[in-house]
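In: below are the sequence and a predicted model; questions follow.
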Amino acid sequence: MSNMSRKLKISSTAYRVLLLLQKLNEKKLSTDRLNRIFSEDPYVARFFSKDVILKYISTLRMAGFSITKPSASNDYCYVLNKAPVQIDFSEEEIKTLRMLKSFAQSFQQKKFLTNYYSFVEKLKRYMNEEQIKKLNEEFAKKTENQEKIKDKFKDYGDLIKKIEQYIVENQRVEIKYRTKQDEQEKIAVTKLQKIKYHADSVKLLYYDLVSGQMNTIKINDITNIKQLPSISGEKQLLNPVIFKIKGRLAKAYRPYEKEKLTDPDLKTGEITVTSYTDDMEVLLRRLLKYGENCEVLYPKQVRNKMINFISRTLENYKENVTQIKKI
Amino acid sequence: MQKGFKNKITYKIDNISVTAFRIISILNMLLNNSCNDEEINSQLKRDIDNARDLSKDTICIYLNTLRVLGCDITRPAKNNNYKYILKSHPFKLSLEKDEIETLVEIRKYISTLCDWKAAIEVDKLFSNLLDYFSTDTKNFFISAKKTSLKREINSENFFHEIKQLENYCKQNKVITLLYNSPESGEKNITIMLDKITMENGAFYLWGYNEELESTMYLRVDRIVDIKSVNLHKKNIKPKSILVKYKLKGCCPLSCGILENESIIEKTSDNELIIEAVVTNKFNFFQKILSYGDKCTILQPAEIKKELISKLKNMQLLYSETEYV
């Protein structure tokens, strides 16, 4: 392509006008910034006066492009208000955009909503006025289903926002929590990582500074959360869990996030999975599901945990097991 | 979606580059349709007063200018009716990493809801938007999806239109399909369709297999072909087993009761007694095992016995191998 470019004869002025259009489509630009782009481009490689740039802008305006002139409100930049191409969205796609908005709202985190609206504003540049009107009408609708989605985690809104702030500020926090199984309240000194959303629950992923492990806790189990004085700088280590998969499961196994698989053993067809899970409880429940097709290899405490799970489950049937033995 | 260029170009004398004006007009044409030299000249005469015919060489220079900018324009050839076709252009949608991550996070959440219809709709939207993304945005989007949506099966890969399968399910049609089983390869399977579900990123087609006397759930992306659809309604009564089990330490909202299950008792010790109509034992046992020691099967005896046998095999697995 570069060889072809050297041989190609082009119209220099037209190229500069098109380059200006391309760059303005990416973001608003000042005259100085435009000149820098021109000087760095190998097909231009020089600066131009304000009058010349204005001539190029006029050409684009004459061709029908709406370009706002530099002013205090736009940081003294030229702004291309509409993209040179249009995207036509179907009615279904407009509804999907509406659904995405409801989900972004449901997360109760400012960042998701800010990012989503920013994405939509960029999309609107590629839409005609009729489509924008349809989209705005769809956004303004309040259907029962969309309201249900939007308000799903409303009850945790304040807590989620508080946690979001701690994460942004990289704060050490103390969490007090109690799960259904706990008789007493527990305390963890943590560095917060992420808020995770799964079906009907919101979970908090955190690094336990005492145990040095990543843990997950349901947000509705949190009884109190408070900021601690110092800002954390610890390195977090994710301890791997290694397990073996065999039988028909090994042929169809698809790795989860943060999982690595070995190639199947040539003789047995077994595969070994290394999982860097951040939610041990969820992982163990999944591995139990695999029944006799799965064996935890490492670490020892997780392997023992599995063995205990199985033993305790069998205890539920102790009477029955004894009866079977007698038979 | 259609590519489109919205503005009509007119011509005025002062302070504009006429050459640039012409090239924008040509770009406008190419965005809407393929075109040849004759069509280009006709359009230019409509857009620009007193425009003269451009020579082939001049048109070539103009197209090369667009190519150098980043447009991919085919050369006239027999296989494209001797027309210029704009295959791609640089006026693409650029998104920030945060914006992409938000979209991917939402899609990830939808997957946890097991809402296959919402997942399909979002996948369709993303797939169409992908054509309009800049190279950097496209690469980051694909990479973000690969990391966060690792297990998601791309619904674009389905042989058969999933909405049509849904219609068959509503009518409980008996169909024979060619299925690519990971265990045994391609084989024909005849089932009376029931429903479509989504779990852990994969789409499943459920139906009753009369021959095996069991409900099956097949991954939709593994369906290679639909061999036949039985037009007549078959009167098949799926065989099922009624199973009672106990769940400890669960409230009705959090225990994941399925549509074929009902809570028949709630004891004072925060235990639930649940009755399930089981049509697929494998799927049922997976669910029961995932509860660990919180769950006990009460009846029937043969199901209880089968689970105990599974648990003992699991126990044996750990006693056979020593931890090193």
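Out: Received the coordinates, thanks.
In: give me phi/psi at B:Cys114?
Out: Backbone torsions for B:Cys114, taken as degrees, to the nearest 10, come to phi 60, psi 30.
In: my guess is it contacts B:Ile196. True?
Out: No - judged on CB atoms under 8 Å, B:Cys114 makes no contact with B:Ile196 at a distance of 10.6 Å. Any C-beta I mention is one placed from the backbone N, CA and C, and that applies to glycine too.
In: neighbour-wise, which of these two wins?
Out: When B:Cys114 and B:Ile196 are compared for neighbours, B:Ile196 comes out ahead with 20 against 15, by other CB atoms under 10 Å in any protein chain shown.
In: alpha carbons only: can I get stretch A:164-173 in CSV?
Out: Presented in CSV, the C-alpha positions along stretch A:164-173 are these (Å, rounded to 0.1, in the frame of the first residue of the first chain):
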residue,chain,number,x,y,z
GLU,A,164,-18.1,3.4,43.6
GLN,A,165,-16.5,6.4,45.2
TYR,A,166,-14.2,4.4,47.4
ILE,A,167,-13.1,2.4,44.3
VAL,A,168,-12.4,5.5,42.3
GLU,A,169,-10.4,7.0,45.2
ASN,A,170,-8.5,3.7,45.8
GLN,A,171,-9.4,3.8,49.5
ARG,A,172,-8.8,1.2,52.1
VAL,A,173,-12.1,0.4,53.8
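In: touching chain B at all, it?
Out: No - using CB under 8 Å from any CB of the partner chain, no contact is recorded between stretch A:164-173 and chain B, whose separation bottoms out at 12.4 Å.
In: what residues does that stretch touch?
Out: The contact list for stretch A:164-173 (CB atoms under 8 Å, 6 or more residues apart in numbering or on different chains) reads A:109-111, A:189-195, A:209, A:225-232.
In: out of the residues you listed, which are inside helices?
Out: Among those, the ones falling in helices (DSSP state H) are A:Lys110, A:Lys111.
In: near chain B, from the contacts of stretch A:164-173?
Out: A:Lys111.
In: quick one, which of the contacts of stretch A:164-173 are buried?
Out: Burial by neighbour count, 16 or more other CB atoms under 10 Å in any protein chain shown: within those this picks out A:Gln109, A:Lys111, A:Val189, A:Thr190, A:Lys191, A:Leu192, A:Gln193, A:Ile195, A:Leu209, A:Ile225, A:Ser232.
In: out of these, which is nearest to chain B?
Out: Taking CB to the nearest CB as the measure, chain B lies nearest A:Lys111 of those, at 7.1 Å.
In: touching, that closest one and B:Thr102? I think so.
Out: Yes - between A:Lys111 and B:Thr102 there is a contact under CB under 8 Å: 7.5 Å.
In: strands - which of the contacts of stretch A:164-173 land there?
Out: Members of those lying in strands (criterion: DSSP state E): A:189-195, A:225-231.
In: now chain A against chain B: closest residue?
Out: Residue nearest to chain B within chain A (CB to the nearest CB): A:Gly64, separated by 2.5 Å.
In: what's the distance between that residue and B:Ser155?
Out: 38 Å (CB to CB, to the nearest Å).
In: looking at the two, which is more packed in?
Out: Per other CB under 10 Å, whichever of A:Gly64 and B:Ser155 has more neighbours is B:Ser155, with 19 against 16.
In: which residues does the more buried one contact?
Out: B:Ala119, B:Ile120, B:Asp123, B:Lys124, B:Ile162, B:Phe203.
In: tell me the contacts of the third one?
Out: Right, the one you point to is B:Asp123. B:Arg107, B:Asn154, B:Ser155, B:Glu156.
In: ditto for the fourth one
Out: With contact set as CB under 8 Å, 6+ apart, B:Lys124 has these partners: A:Glu92, A:Glu93, A:Thr96, B:Ser155.
In: just for the chain, where's the confidence low?
Out: If you meant another chain, say so; for now it's chain A. Low-confidence segments of chain A, defined by pLDDT under 70: A:1-7, A:231-237, A:319-327.
In: ah, I was thinking of chain B
Out: B:1-14, B:159, B:250-255, B:322-324.
In: all helices for it, in order.
Out: Taking DSSP H as the criterion, chain B carries its helices at B:18-32, B:37-47, B:56-69, B:97-112, B:116-130, B:135-148, B:162-170, B:281-290, B:301-320.
In: from the chain's centroid, how far away is the fourth one?
Out: Averaged C-alpha coordinates place helix B:97-112 at 14 Å from its chain's average position (CA atoms, centre = their mean, to the nearest Å).
In: closest to A:Tyr43 among the contacts of B:Lys124?
Out: A:Glu93 (37.2 Å; CB to CB).
In: number of residues surrounding the closest residue to the closest one other than its chain neighbours?
Out: In space, not counting the residues next to it along the chain, A:Glu93 is nearest to B:Leu125; the distance is 5.2 Å by CB to CB, 6 or more residues apart in numbering or on different chains. If you count neighbours by other CB under 10 Å, B:Leu125 ends up with 23.
In: tell me the contacts of B:Leu125?
Out: Each residue near B:Leu125 by CB under 8 Å, 6+ apart is listed here: A:Glu93, A:Thr96, A:Leu97, A:Leu100.
In: 10 Å - rerun?
Out: Counting by CB atoms under 10 Å, 6 or more residues apart in numbering or on different chains, B:Leu125 makes contact with A:89-90, A:92-97, A:99-100, B:1, B:103, B:107.
In: is there a quick ChimeraX command that grabs whichever of the residues you listed are buried?
Out: Filtering those down to the buried ones (16+ other CB under 10 Å) takes a single ChimeraX command:
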select /A:89,93,94,95,96,97,99,100 /B:103,107
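In: Serialize the contacts of B:Leu125 to a markdown table and add fields for distance to A:Gln22.
Out: Putting the contacts of B:Leu125 into a markdown table (distance: CB to CB, whole Å) gives the following:
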| residue | distance to A:Gln22 |
| --- | --- |
| A:Phe89 | 23 |
| A:Ser90 | 28 |
| A:Glu92 | 31 |
| A:Glu93 | 26 |
| A:Ile94 | 28 |
| A:Lys95 | 32 |
| A:Thr96 | 29 |
| A:Leu97 | 26 |
| A:Met99 | 33 |
| A:Leu100 | 28 |
| B:Met1 | 21 |
| B:Leu103 | 24 |
| B:Arg107 | 30 |
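In: helix or strand: which one has A:Ile37?
Out: Element membership for A:Ile37, per DSSP states H and E: helix A:31-40.
In: may I see the buried residues of that helix?
Out: Neighbour counts over helix A:31-40 (16+ other CB under 10 Å) mark A:Thr31, A:Leu34, A:Asn35, A:Ile37, A:Phe38 as buried.
In: tell me what it is packed against?
Out: Under the contact criterion of 3 or more CB pairs under 10 Å, 6 or more residues apart in numbering or on different chains; DSSP states H and E, helix A:31-40 touches helix A:12-26, helix A:50-62.
In: now the longest one: how far from the chain's centre is it?
Out: The reference is to helix A:12-26. Averaged over its C-alpha atoms, helix A:12-26 has a centre that lies 33 Å from its chain's centre (CA atoms, centre = their mean).
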